[in-house]
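Q: Output the structure for:
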Amino acid sequence: MAIRHFSTTTRKEIDVELNVKEGAIPDDLCGFIFINSAAGTVNSDGLPYPQYNPDGTENQEYASPILNGDGKVYRLDLTQSGKIRVKTGIMKTPCYYADLATAYNTKADNPYYDFHFESRGLARLSSTLGTRNQLNTAITPVRFKKDNQYRLLANFDAGRPYEIDPEKLSMITPIGENKIWHSGLPPMLVQPFPMILSSAHPVFDPDTEELFTVNFTKDNEGLMGSTNIFKLLFEDLDWFKSELEKLMDDIKILSKEEQRKRIRSFFGSSKMKNRNTDKGWFRKFMNFIKRLFGKWYYTHISNHDDVYVVKWNGTKELQKWKIVDENGEGILIQHNMHQISLSKDYLILGDTNFKFSLDGIMNFPFTNDPFIDKIVRELLTDPMNDYSSFYIVKRADLIPGVTNVKAVKAVLPEETVHFSANYENPGNKITLYAAHNCSACPAEWLRTYDTRQIEPEIPMDEEFLGLISIGEVDISKIGKIILNADTGQLEPESVFLELTGDLDQKDPGAHTWAVGLYTYNNMLSSDTNVANIDYMYWQAYGLHRKWLTEFIYDLYKDPKRNRTYSAEEMEAFTAKGANFVLECIETSSMTATDHFTFPENYYYWSLQFAPKKEKSLTIADGKNGYIFTTVICGEMTGNNEITYNPEIWIFDAANLNPGPVCKLNHPELSFGFTIHSVWTAEAGEVASPGYGIDIRDDYNYMVDQIKDTKLRSSIQQFMNEKVYPFFPNK
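A: Purely as a prediction, here's the structure:
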């Protein structure tokens with residue numbers, strides 16, 4: 001029996017009927033479910049990333065985060081009684097074809113190989129061509145009243161949305177021309193594929209037929225993050241290099257444990273802290289340049305700290321407003337704008353705790369030298385804030401012709417990644433439901449040189465390399481947050497629910513250890529807004545000693561953080577352990593009403609509510625359906641090894657505890673780590689979207705801005721030969 005790896009994913013596009021492994025497919029299913037995921041690169045042919053290339057050389061992509069890969073969308077067809085079909089498609093954007101044309105296997109005789117992309121942390125970059133828009137994170141359904149079909153957008157935090165065909169799972173058009181979007185990289189970096197800092201979760205209002213997303217930029221200092229290395233590199237390069245070289249010479253002969261101690265001591269030393277100040281000549285010089293030549297600086301050297309709301313109504317043109325604070329100044333996004341939401345009268349923009357500054361996405365520079373890479377990570381990584389900032393925008397202020405729109409700032413006392421809002425906001429009060437991932441770091445991933453915090457003598461399991469860092473150093477919470485939209489203040493009836501369960505039991509019950517994704521009836525519906533969310537289904541990863549690393553523990557152990565439990569208490573809880581759980585939360589009382597605990601070595605990633613074909617009058621609307629989950633099933637083989645098999649499990653939303661009513665699989669079904677999902681009633685081919693952006697014109701606009709004549713000519717030829725032929729003229 002061949003052993004299947006934990007993250008096994010192929011890039012093969014399939015269209016197959018799933019097999020029933022256990023139970024029976026419910027006969028009252030309807031519609032389609034779409035699930036987004038990352039599926040490796042053009043070099044890897046899927047996941048996991050191999051340690052060596054076919055020619056025997058070390059693979060630069062080995063142990064890269066599995067979140068960094070081309071988008072692979074899974075479509076589950078629930079419309080045939082007693083059958084479920086799954087169809088998949090790779091998101092083949094223009095930059096995908098550029099990546100394909102410069103793949104590793106073309107190295108020998110490819111005149112364009114120097115243009116190739118490399119995986120660097122959470123981003124895939126080419127020093128010449130720019131940044132990959134991998135569209136691997138989320139799906140947003142859209143349906144304007146003029147449409148005779150449902151439409152889908154594929155989304156990514158570092159790229160503009162793309163419309164895709166729901167039936168073919170092929171690309172239709174980007175949303176908005178390149179010239180409309182602001183690149184997140186400094187203006188001096190002119191490349192054909194810009195890094196567009198946006199949101200992986202645009203929001204559509206079916207009542208007003210408006211889709212909203214964001215586009216933000218950072219001043220160079222904010223873009224680089226608040227960490228030590230960039231300050232040191234610019235302010236005292238000779239000193240830094242000298243100190244680092246001395247450290248490396250001193251610790252070569254020491255044990256790994258002693259090396260770790262010396263590295264931590266080095267970065268925490270008063271000598272380093274004294275250097276990490278704002279007194280450096282470089283910072284003084286750049287501040288002087290900003291004051292003296294402000295317009296020139298912000299035209300050629302740096303972006304501003306700016307946030308733009310972007311509105312799309314299904315046409316080629318976009319509307320855009322700059323969002324400013326209450327003093328009329330631009331807004332600095334410290335981490336990322338992974339999530340936004342809307343209510344009837346407001347947009348809610350989150351500075352979410354999922355870091356995406358350059359220091360975070362590029363802190364994987366020495367993939368073939370783990371020792372150096374470890375040092376660089378120590379330099380580049382700071383803990384995220386133990387709070388989150390939200391910006392409330394009155395939708396009535398988004399008037400055509402208005403340039404700047406003021407937002408009201410709200411500060412939540414917990415870290416936040418995902419959130420949804422009730423559509424109704426009576427009395428100008430907004431109700432949010434939020435996942436609070438406390439003292440955790442979903443933008444980090446498990447690396448070859450990581451060590452366990454618990455049982456450090458046991459090596460990290462190679463199976464999990466590249467997986468997002470699931471270990472946490474405080475308990476997560478599920479928030480019900482009532483915000484005064486006029487003041488940004490939290491109302492006293494706000495609730496932050498934390499559930500420990502009973503960790504001394506095999507099934508500890510409902511808990512909030514490492515809260516993940518959630519779903520509910522009509523979530524992201526393109527047909528109806530949810531006035532008041534009544535039941536929500538939540539994922540919690542649990543506590544796993546094999547996933548709490550020394551690095552994450554040290555990063556978030558500070559007792560001064562806003563926390564419920566100390567780092568030492570969390571270490572003890574993690575040693576006891578808790579498995580993945582699916583649980584139902586009744587929102588009016590914020591209590592857990594039902595749950596299912598997954599077996600040991602079973603991991604589920606995506607969860608999606610699918611309504612019944614006919615409503616049951618005796619069941620609350622928020623429970624009137626099924627919960628679909630993607631599950632990685634770890635099972636022991638005869639050789640006492642674990643093999644991991646992907647399955648789709650279906651739960652009765654009104655009765656989780658007995659377990660799934662059906663388990664499905666197929667020999668060709670493969671997924672390693674799936675992310676966000678959505679349900680739609682239909683999924684027909686888009687005959688005519690009514691508009692389209694000409695890819696040649698769109699990217700030639702970017703190429704024309706490259707000042708180096710020879711380079712511009714070479715890139716133009718490359719685009720003409722390797723990219724444009726895949727996109728017909730509009």
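
Q: ok, now which ones touch residue 428?
A: Residues near residue 428 by C-beta atoms under 8 Å, 6 or more residues apart in numbering: 345, 484-486. Bear in mind the C-beta positions are built from the backbone N, C-alpha and C, glycine included.

Q: do that again at 6 Å, thanks
A: 485-486 (C-beta atoms under 6 Å, 6 or more residues apart in numbering).

Q: Do me a favour and get the backbone dihedrals for it.
A: Backbone dihedrals for residue 428, given as degrees, to the nearest 10, come out at phi 60, psi 30.

Q: repeat for residue 164
A: phi -120, psi 160.

Q: pretty sure it is in contact with residue 154, am I right?
A: Yes - the criterion here is C-beta atoms under 6 Å, and residue 164 meets it with residue 154 at 5.1 Å.

Q: Next, the contact list for the nearest residue in space to residue 415 that is not next to it in sequence, please.
A: Once flanking residues are discounted, residue 415 sits nearest to residue 353: 4.0 Å by C-beta to C-beta, 6 or more residues apart in numbering. Contact analysis of residue 353 by C-beta under 6 Å, 6+ apart lists 335, 384, 388, 415, 417.

Q: Residue 683 now?
A: Counted by C-beta under 6 Å, 6+ apart, residue 683 has contacts 32, 166-167.

Q: Okay, and which of the residues you listed map to strands?
A: Per DSSP state E, strands hold the following members of these: residue 32.

Q: Buried ones among the contacts of residue 683?
A: 32, 166-167 (16 or more other C-beta atoms under 10 Å).

Q: what would these look like in JSON lines with distance to residue 430 and pLDDT?
A: JSON lines is the format used below for the buried ones among the contacts of residue 683 (distance: C-beta to C-beta, whole Å; pLDDT from 0 to 100):
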{"residue": "32", "distance to residue 430": "31", "pLDDT": "98"}
{"residue": "166", "distance to residue 430": "31", "pLDDT": "97"}
{"residue": "167", "distance to residue 430": "37", "pLDDT": "97"}
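
Q: which of the residues you listed lies closest to residue 707?
A: residue 166 (41.5 Å; C-beta to C-beta).

Q: Could you report the distance from the closest one to residue 405?
A: Residue 166 sits 33 Å away from residue 405, going by C-beta to C-beta, to the nearest Å.

Q: again with residue 210
A: When residue 210 is compared with residue 405 (using C-beta to C-beta), they lie 15 Å apart.

Q: In CSV, list the C-alpha atoms belonging to stretch 616-636.
A: Provided in CSV are the C-alpha atoms of stretch 616-636 (Å, rounded to 0.1, in the frame of the first residue of the first chain):
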residue,chain,number,x,y,z
SER,A,616,-38.3,21.6,7.0
LEU,A,617,-41.0,23.7,8.8
THR,A,618,-40.0,22.2,12.2
ILE,A,619,-36.3,23.2,11.9
ALA,A,620,-35.0,26.7,12.4
ASP,A,621,-33.9,28.3,9.1
GLY,A,622,-30.3,28.6,10.3
LYS,A,623,-30.2,24.8,10.8
ASN,A,624,-32.2,23.8,7.8
GLY,A,625,-29.4,22.2,5.7
TYR,A,626,-26.2,20.3,5.7
ILE,A,627,-22.6,21.1,6.6
PHE,A,628,-20.0,19.9,4.0
THR,A,629,-16.4,19.5,5.2
THR,A,630,-13.1,18.6,3.5
VAL,A,631,-11.4,16.1,5.7
ILE,A,632,-7.8,14.6,5.7
CYS,A,633,-8.1,11.2,7.3
GLY,A,634,-5.0,9.8,8.9
GLU,A,635,-5.1,6.0,9.2
MET,A,636,-2.6,3.5,10.3
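
Q: Now the contacts of residue 683 in TSV, please, with extra columns for distance to residue 424.
A: Formatted as TSV, the contacts of residue 683 follow (distance: C-beta to C-beta, whole Å):
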residue	distance to residue 424
32	28
166	29
167	34
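
Q: Out of the contacts of residue 683, which comes closest to residue 528?
A: Using C-beta to C-beta, the contacts of residue 683 come closest to residue 528 at residue 32, 16.8 Å.

Q: dump the residue contacts of the closest one.
A: 75, 77, 680, 683.

Q: Please indicate which of these are buried?
A: For these, a burial check counting by 16+ other C-beta under 10 Å picks out 75, 77, 680, 683.

Q: For this structure, which segments count as helices?
A: 94-101, 220-224, 228-235, 237-251, 256-268, 270-275, 281-292, 294-300, 358-361, 370-380, 550-556, 567-576, 695-703, 709-718 (DSSP state H).

Q: Quick check: residue 442 vs residue 116, distance?
A: Distance, residue 442 to residue 116, by C-beta to C-beta: 28 Å.

Q: now residue 692
A: Taking C-beta to C-beta, one finds residue 692 at 29 Å from residue 116.

Q: which among the contacts of residue 683 gets closest to residue 588?
A: For the contacts of residue 683, the nearest to residue 588 is residue 32 (30.7 Å; C-beta to C-beta).

Q: So in terms of bridging, what pairs with the closest one?
A: residue 77, residue 680 (DSSP bridges).

Q: Output the below-cut-off pLDDT ranges for the chain.
A: Within the chain, the segments meeting pLDDT under 70 span 1, 220-242, 244-245, 256-257, 259-261, 263-303, 356-372, 375-376, 379-380, 730.

Q: Centre-most residue in it?
A: residue 137 (5.8 Å; C-alpha atoms, centre = their mean).

Q: That one contacts residue 159, correct?
A: No - the pair residue 137 / residue 159 is not scored as a contact, 9.5 Å apart, by C-beta under 6 Å.

Q: Just give me the neighbour total for residue 682.
A: 15 (other C-beta atoms under 10 Å).

Q: now it: how far from residue 169?
A: Residue 682 is 15 Å from residue 169, by C-beta to C-beta.

Q: now do residue 672
A: Distance of residue 672 to residue 169, computed by C-beta to C-beta: 19 Å.

Q: What residues of stretch 97-117 count as buried?
A: So for stretch 97-117, counting by 16+ other C-beta under 10 Å, buried means 97-104, 106, 110, 112, 115-117.

Q: what's the most distant pair in those?
A: Farthest pair in these, by C-beta to C-beta: 97 and 104, 15.7 Å.

Q: Name the residues that touch stretch 551-565?
A: In contact with stretch 551-565 (C-beta under 6 Å, 6+ apart) are residues 383, 386, 439, 441, 450, 453, 469, 471, 473-475, 567.

Q: So residue 309 sits against residue 321, correct?
A: Yes - using C-beta under 6 Å, residue 309 is in contact with residue 321, at 5.0 Å.

Q: Tell me which of these two has more neighbours.
A: Shown here are residue 309 and residue 321; by other C-beta under 10 Å, residue 309 has more neighbours (24 against 19).

Q: Show me what that one is bridged to.
A: Going by DSSP bridges, residue 309 forms beta bridges with residue 214, residue 321.

Q: swap in residue 631?
A: residue 604, residue 647.

Q: Run through the residues that contact it.
A: Counting by C-beta under 6 Å, 6+ apart, residue 631 has contacts 604, 647, 649.

Q: rerun at 10 Å
A: 580, 598, 602-606, 645-649, 660, 663-665, 671, 674 (C-beta atoms under 10 Å, 6 or more residues apart in numbering).

Q: of those, buried ones?
A: Judged by 16+ other C-beta under 10 Å, buried ones among these: 580, 598, 602-606, 646-649, 660, 663-665, 671, 674.
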